[in-house]
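In: Can you look at this prediction? I've put the sequence above it.
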Amino acid sequence: MTKVTQTLLAAACAAMVATAGLAEVKVGMITTLSGGGAGLGIDVRDGFMLAVEQSGRDDIEVVIEDDQRKPDIAVQLADKMVQSEKVDVLTGIIFSNLAMAVIPSVTAQGKFYLSPNAGPSALAGKGCHPNYFNVAWQNDNLHEAAGAYANTAGYGNSFILAPNYPAGQDALTGYKRTYQGELAGEIYTQLGQTDYAAEIAQIRASGADSVFFFLPGGMGISFLKQYADSAVGLPVVGPAFSFDQGILQAVGDAALGVVNTSQWNKDIDNPTNAAFVEAFQAKYDRLPSLYASQGFDTARLLISAMEKADVADVDAFRAALKAAEFDSTRGDFAFGLNQHPIQTIYAREVVKEGDVFTNKIIGVALENHADAYAAECKM
Amino acid sequence: MSAILIIEQILNGLQLGVMLFLMAAGLTLIFGVMGLINLAHGSLYMVGAFAAAAVAGATGSFLLAMVAAMAAAAIAGVLIEVVVIRRLYAKDHLDQVLATFALILIFSEGVRWVFGSFPLFLDIPDYLSGPVSLPGGIQYPLYRLVLIGIGMVVGLLLWLLTQQTRLGIQIRAGENDREMIAALGVNISNLYTLVFAIGAALAGLAGALVGAIQSVQVGMGEPVLILAFVVIVIGGIGSIQGAFIGALIVGLTDTLGGVFLPQLFRLFLEPAGATSTGSALASMAIYILMGAILIWRPTGLFGQRA
């Protein structure tokens, strides 16, 4: 092949790439769509795509990939999206260990990252970055709210448990940060543990007056069913992660009456939320979870920034993201200095509506709450 | 540390042990008779739990759900034996591991495709729920006592099957010398399929029984599979008695270690450090035990072959 033909070929390829890239903003969504944690990723994706569809814009292109909940795969996908897909914005990661593997590297390469779920403390404090925005919460937030709720409910001797991994340690730290009573016991369980008979026996023997637990996904289902069957009967508090719409149906009656903390619920009274819940049900034939609301808000944030600035103008686009002028399902939405939300966190109770288990807001746990790491963020 | 708590934890350990036995019995039979490492055994456990949840949801009957779980797992087992695994007996273990690992992925995504990504609901029937009072004022969940009972009965039946019946003689002969038993006129191919179906049905039963107190979700079988492998290595590969004793040892070690090691460390460490060090060591306890037993008896407690 001669030099000339090579050059021509290269030019042709470049032209093809240019015409293929008609979309003005290209979003790379890396999320968990297979395996045990798939329910969360699917909800985030569906919420996000619902907002994109509702906006009616044809200048957003979303590339969706499944990280299989594996950090190495998430890193490969992120490299592919940055280098060959040339995305402008990344989003979608559910689990904090994957977030830690991906986010610092993509923000360092000048991409925007909008987190619809994971909020590890390392990225909220010293590791904060101008291109990193968290639309959900800092990991500790809902646990801090659970501690605050325990104070108002008058609990003075809590038994607390969480899996032995970074988010589990953050959870107990978060609870203890706001909770003012005594601890009847503190247990770290194994990650992925499904049998809690030993822990429940310890709770029974401990003389506690309440139980706080953070056991996301299947771990929480197992714990709640076994706890109800053991008839220990102490009141339980936890973050929303064990009580979201997808999980509640699998727990059944065992979850009824349990108080959990969340920044969102389907009965938060504002027009955006009402429209979101209705549209989500109409499109996907199931009730949205908090993950779906986070995916929806993430897309709404992105669209609000696109309306004000061109993504090529990085500084203007960043400022537009930071202003966060969009109608959130949570009502007013504002970022703190470290670009994590400052928001009200509610206490919800699990109820049964017809045949469906769901949550009802019973009060405010923490009003306009900012995370504990914001002061460490130098930006 | 009260005596009641200790007894309760021993019961918990027994219950975990007998459920592990249901998994390990199939695994050890299949490895013993056919020399096959079946990583997809955990998928059969999951198939059982999903079948039980589906049938319990449709009919409301727990007993029917258990029957469906065993049937579904046995059918799935026969299917993969005939379609895939039959081709692997003559291959080396690496090929078997690769192929059965592929089966795990196929089963996981297949189940997700059929039942969706959200966990299913399967609960204890009313007549088995709630705690019962045992002598000494111990409150213990009735269902877990029933699980211990079922595990013991299945163990006894399997022992009778292998020791007292013609089929059992053929199975044991197959473990010792495959070529010879084939030469004696036993249809080894049918025998393999039958053993595989029995193993699969036991895994399905375990999945359904445990699914009622845990969560029925994709990937639920793999953590149990790892423990079941530890059980058969400790017990001696191919031995039903070994699997039973090994399962009880692993169940008790795992449960009691998880409870008492953190408390032991609390005697000389500050609470947070003791909790995390103790929990970390507790999750290693069964592997340390396995190592120690293998140093003492390299073929496991009841193993015969070197």
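Out: Okay, I see it. Residues are numbered from 1 along each chain as shown, chains lettered A, B, ... in the order given.
In: Only C-alpha atoms from now on, for both contacts and neighbour counts.
Out: Noted.
In: In the stretch 101-250 of chain B, what residue spans correspond to strands?
Out: B:131-134, B:138-141 (DSSP state E, counting those that start in this stretch).
In: List the contacts of stretch B:276-293.
Out: A:164, A:188-190, B:230, B:233-234, B:250, B:253-254, B:257-258, B:261-265, B:300-301 (Cα atoms under 8 Å, 6 or more residues apart in numbering or on different chains).
In: Of those, which belong to helices?
Out: Among the contacts of stretch B:276-293, the ones falling in helices (DSSP state H) are B:230, B:233-234, B:250, B:253-254, B:257-258, B:261-265.
In: can you pull out the helices in the stretch 51-200 of chain B?
Out: B:62-83, B:93-115, B:142-164, B:166-176, B:178-183, B:188-211 (DSSP state H, counting those that start in this stretch).
In: what about whatever residue of the stretch 251-379 of chain A ends up closest to chain B, which helix or strand?
Out: Nearest residue of the stretch 251-379 of chain A to chain B, counting by Cα to the nearest Cα: residue A:251, 6.5 Å away. Element membership for residue A:251, per DSSP states H and E: helix A:245-251.
In: Can you get me a residue count around residue A:83?
Out: 10 (other Cα atoms under 10 Å in any protein chain shown).
In: Look up phi and psi at it.
Out: Per-residue torsions, residue A:83: phi -90, psi -50 (degrees, to the nearest 10).
In: Doesn't residue A:142 belong to a helix?
Out: Yes. Residue A:142: assigned to a helix according to DSSP: H, G, I helix; E, B strand; the rest coil.
In: Report how many residues lie close to residue A:100.
Out: Neighbour count of residue A:100, defined by other Cα under 10 Å: 19.
In: which residues does the residue in the stretch 1-150 of chain B positioned nearest to chain A contact?
Out: When scored by Cα to the nearest Cα, the stretch 1-150 of chain B has residue B:121 as its residue closest to chain A, at 3.9 Å. Contacts for residue B:121 were tallied using Cα under 8 Å, 6+ apart; they are A:249, A:250, A:251, A:252, B:53, B:57, B:215, B:216.
In: try it again with 10 Å
Out: A:221, A:247-252, B:50, B:52-54, B:56-57, B:211-212, B:214-217 (Cα atoms under 10 Å, 6 or more residues apart in numbering or on different chains).
In: Equivalent analysis for residue B:50, please.
Out: B:44, B:56, B:65, B:68-69, B:72-73, B:111, B:115, B:119-122, B:204, B:207-208, B:211, B:216-218.
In: Among the residues you listed, the buried ones, what's the ChimeraX command?
Out: Buried residues within the contacts of residue B:50, by 16 or more other Cα atoms under 10 Å in any protein chain shown, are selected in ChimeraX with:
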select /B:44,56,65,68,69,72,73,111,119,120,121,122,204,207,208,211,216,217,218
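In: What values do phi and psi take at residue A:259?
Out: Torsion angles, degrees, to the nearest 10, at residue A:259: phi -90, psi 130.
In: now it: how far from residue A:350?
Out: According to Cα to Cα, to the nearest Å, residue A:259 and residue A:350 sit 7 Å apart.
In: same thing with residue A:63?
Out: Distance from residue A:63 to residue A:350, by Cα to Cα: 36 Å.
In: between the two, which one's more packed in?
Out: residue A:350 (22 against 14).
In: Give me the pLDDT for residue 191.
Out: Looking at chain A here, since you left the chain open. The per-residue pLDDT reported for residue A:191 equals 79.
In: if you could check chain B rather than the one you did, that'd help
Out: Taking residue B:191 on its own, its pLDDT is 89.
In: What about it, how many residues nearby?
Out: Neighbours around residue B:191, by other Cα under 10 Å: 17.
In: got the contact list for it?
Out: Residue B:191 makes contact with B:33, B:34, B:167, B:170, B:171, B:174, B:197, according to Cα under 10 Å, 6+ apart.
In: between those, which is nearest chain A?
Out: So of the contacts of residue B:191, ranked by how close each gets to chain A (Cα to the nearest Cα), first place is residue B:197, at 26.1 Å.
In: shouldn't the closest one be in contact with residue B:41?
Out: No. With contacts counted by Cα atoms under 10 Å, residue B:197 stays clear of residue B:41, the gap being 11.1 Å.
In: So those two - more neighbours on which side?
Out: residue B:41 (31 against 24).
In: re earlier: got any residues that touch both of residue B:197 and residue B:41?
Out: B:26, B:30, B:73, B:77, B:203.
In: burial measure for the spatially closest residue to the first one that is not a sequence neighbour, as a count.
Out: Read it as residue B:26. What sits nearest to residue B:26 in space, not counting adjacent residues and going by Cα to Cα, 6 or more residues apart in numbering or on different chains, is residue B:199, at 3.5 Å. The number of residues packed near residue B:199 is 27, by other Cα under 10 Å.
In: Repeat that for the one 3 residues further on.
Out: Residues near residue B:202, counting by other Cα under 10 Å, number 28.
In: Low-confidence ranges, the stretch 201-350 of chain A, go.
Out: For the stretch 201-350 of chain A, applying pLDDT under 70 flags no range at all.
In: mind redoing it with 80?
Out: A:217 (pLDDT under 80).
In: what do you get for chain B?
Out: Along chain B, the model assigns pLDDT under 80 to residues B:1-2, B:117-118, B:136-137, B:178, B:270-276, B:303-306.
In: List only those of the contacts of stretch B:276-293 flagged as buried.
Out: The neighbour count (16+ other Cα under 10 Å) marks A:164, A:188-190, B:230, B:233-234, B:250, B:253-254, B:257-258, B:261-263, B:265, B:300-301 as buried among the contacts of stretch B:276-293.
In: can I assume residue B:271 is in contact with residue B:265?
Out: Yes. Using Cα under 10 Å, residue B:271 is in contact with residue B:265, at 8.4 Å.
In: Alongside chain A, which residues does the stretch 101-250 of chain B contribute?
Out: B:105, B:108-109, B:112-113, B:116-124, B:128-132, B:139-144, B:210-220, B:223-224 (Cα under 10 Å from any Cα of the partner chain).
In: and if we set it to 6 Å?
Out: Taking Cα under 6 Å from any Cα of the partner chain as the measure of proximity, the stretch 101-250 of chain B contacts chain A at B:117-121, B:130-131, B:141, B:213-215, B:218-219.
In: and these, which two are the farthest apart?
Out: B:117 and B:131 (32.0 Å; Cα to Cα).
In: neighbour-wise, which of those two wins?
Out: Each of residue B:117 and residue B:131 has its neighbours counted (other Cα under 10 Å); residue B:117 has more, 23 against 19.
In: Can you give me the distance of the nearest residue to the more buried one once chain neighbours are set aside to residue A:70?
Out: Sequence neighbours aside, residue A:39 is the residue nearest to residue B:117 in space, at 5.2 Å (criterion: Cα to Cα, 6+ apart). When distance is defined by Cα to Cα, residue A:39 is 15 Å away from residue A:70.
In: Nearest to chain A: which residue in the stretch 151-300 of chain B?
Out: residue B:214 (3.9 Å).
In: tell me the contacts of that residue?
Out: residue A:222 (Cα atoms under 6 Å, 6 or more residues apart in numbering or on different chains).
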